[in-house]
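# Fold the following and give me the result.
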Amino acid sequence: MELPLDRRHSHGRRRSDGAEALAARGLLHDLGHQMTTLSYLVEAVRGDVVLPEDSGFRMELLSVEMSRMLDIVSSEIPDSREAEEIATVGLVSLSGQVAQLARFAHEASVVLLPGPAVSVEASPALLWRVLTNVVDNAARAAGPEGTVEIGIREEQAGSDDPDAVIEVTDDGPGFGHGPPGTASLGLGVVTSLLESCGGRLEVQAPEAGGTRVRIMIPVRAGPVAPPDARTSR
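Just a heads-up that it's a prediction; the model follows:
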């Protein structure tokens, strides 16, 4: 069962403020996620009188997150859009980093399931934004007592090259019933970003409850589309 891309019930129609306004809102939304995670990591180190044994690990996560945030900003600077980096991205490694950060930020159990080593040709910054939005939404919905599972595999897409599929499943209250926040904006950003590289998003309601979000990306995704195409929704 597929669901509309909005975790909260709402009334009235949504109206676009224009492509540039939507792009700015999406960027600020993603940077807000990154800054929040950074603050959790910094406070985790500062709050201890004696530095914990894993302080080096936490600082490494802090360094990674700062680099990702700079990549996001750079990808949105007009002069650098045409040269946005396309690289081979290992989805297992990327998902593992996102899972670690979500565990610190939301105190939920975020688990990367065993699976094949799947890679795609795409923008690393774009994929980071997509996955952090989806996993953060899931961890927030699951809460400290909940669980989020991330699964990765390939699926044949008709006669074309296969799709890389990332499934993010939470055991929260279900789509539209989670805590208030910016989930609807986040999923709108994710949809636009995926469309720019030929990908797509599905939201499902598993029979056991909770929410499953499927991120599908062509293994050979190709270059990122121009700004107007990235913010057309």
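
# which residue packs closest to E202, ignoring adjacent ones?
R214 (4.3 Å; C-beta to C-beta, 6 or more residues apart in numbering). Any C-beta I mention is one placed from the backbone N, CA and C, and that applies to glycine too.

# Model confidence for that neighbour, exactly?
pLDDT, R214: 96.

# For it, give the beta-bridge partners.
E167, E202 (DSSP bridges).

# Quick one: residues contacting it.
When contacts are counted by C-beta atoms under 8 Å, 6 or more residues apart in numbering, R214 touches V165, I166, E167, L201, E202, V203, Q204.

# cool, and D30?
So D30 contacts I72, R129, T132, N133, G186, V189 (C-beta under 8 Å, 6+ apart).

# On the three-state scheme, it is what?
On the three-state scheme (DSSP: H, G, I helix; E, B strand; the rest coil), D30 is labelled helix.

# Roughly how far does R68 sit from L113?
23 Å (C-beta to C-beta, to the nearest Å).

# of those two, who's got more company?
Just comparing R68 and L113: by other C-beta atoms under 10 Å the higher neighbour count belongs to R68, 22 against 12.

# Looking at that one now. What's its pLDDT?
For R68, the model assigns a pLDDT of 72.

# any idea which helix or strand carries the residue lying closest to it once chain neighbours are set aside?
Using C-beta to C-beta, 6+ apart and skipping the chain neighbours, the partner closest in space to R68 is W128 (5.1 Å). Taking DSSP states H and E as the criterion, W128 maps to helix 124-142.

# Averaged pLDDT, whichever helix or strand comes after that helix. What do you get?
The helix or strand immediately downstream of helix 124-142 is strand 147-155, counting by DSSP H and E. Mean pLDDT, strand 147-155: 95.

# So which bits of strand 147-155 are buried?
Across strand 147-155, burial judged by 16 or more other C-beta atoms under 10 Å covers T147, V148, E149, I150, G151, I152, E154.

# Then stretch 95-110?
Quick answer for stretch 95-110 (16+ other C-beta under 10 Å): 95, 97-106, 108-110.

# Buried by neighbour count: which residues of the helix or strand that M216 is a member of qualify?
Taking DSSP H and E as the definition, M216 sits inside strand 211-218. Within strand 211-218, the residues scored as buried using 16+ other C-beta under 10 Å are T211, R212, V213, R214, I215, M216, I217, P218.

# out of those residues, who's nearest S119?
Of all the buried residues of strand 211-218, I217 has the smallest distance to S119: 10.4 Å, by C-beta to C-beta.

# Tell me the spacing between L113 and S196.
27 Å.

# got the residue ranges for the strands in this structure?
Assigned by DSSP state E, the strands in the chain fall at 87-90, 109-112, 119-122, 147-155, 163-170, 200-204, 211-218.

# Could you dump these into TSV and include distance to T37?
Formatted as TSV, these follow (distance: least, C-beta to C-beta, whole Å):
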stretch	distance to T37
strand 87-90	20
strand 109-112	12
strand 119-122	22
strand 147-155	15
strand 163-170	17
strand 200-204	22
strand 211-218	19
